[in-house]
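In: Predicted model and sequence follow; I will ask about them next.
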Amino acid sequence: MASMKKDFIVARIEAAQDGGPYVYVGFSDPNDYKSDKPVNPFGSNVMAFSSPEDMMKNLPKAMGNISRMMTGGGASDSPTFKISVREYEDIGIRVGDKVTIEIRKSDNNLYT
């Protein structure tokens, strides 16, 4: 099973504009994050996933965004996740927290 891990800093947490029961969590590369200056990870390449199926459908585009960020793409290419309010409360993350995102490719191809 192929996998990748990357450390990030939680740069922004934003409530859903439509009042839905979810939040957007934006991440920044620890080397680019400056706590004394606001970082806006919500650029033109924002990736928000509403379900695991939506995430799998858009995974190639998200991976492209991550690779651009790793090669110096900057804060506007930082990953953003859309998670439920319950998931957000359960993990208890706050702006400035260091997190690790792990992506694993399953050996089972569900979409063949």
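Out: Received the coordinates, thanks.
In: Could you use CA atoms for every contact and neighbour count after this?
Out: Will do.
In: so where do the strands sit in the chain?
Out: With DSSP state E as the definition, the chain shows strands at residue ranges 3-15, 22-28, 80-84, 98-104.
In: For residue 90, find the nearest of these.
Out: Comparing the strands of the chain by their distance to residue 90 (CA to CA), the top pick is strand 80-84, with 9.8 Å.
In: Can you list the helices and strands that that closest one packs against?
Out: The criterion is 3 or more CA pairs under 8 Å, 6 or more residues apart in numbering; DSSP states H and E, and the helices and strands that strand 80-84 contacts are strand 22-28.
In: In the strand it packs on, which residues are buried?
Out: 22-28 (16 or more other CA atoms under 10 Å).
In: Including distance to residue 101 and pLDDT, could those residues go into JSON lines?
Out: Putting those into JSON lines (distance: CA to CA, whole Å; pLDDT from 0 to 100) gives the following:
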{"residue": "22", "distance to residue 101": "19", "pLDDT": "91"}
{"residue": "23", "distance to residue 101": "17", "pLDDT": "92"}
{"residue": "24", "distance to residue 101": "15", "pLDDT": "92"}
{"residue": "25", "distance to residue 101": "12", "pLDDT": "93"}
{"residue": "26", "distance to residue 101": "12", "pLDDT": "92"}
{"residue": "27", "distance to residue 101": "10", "pLDDT": "92"}
{"residue": "28", "distance to residue 101": "11", "pLDDT": "91"}
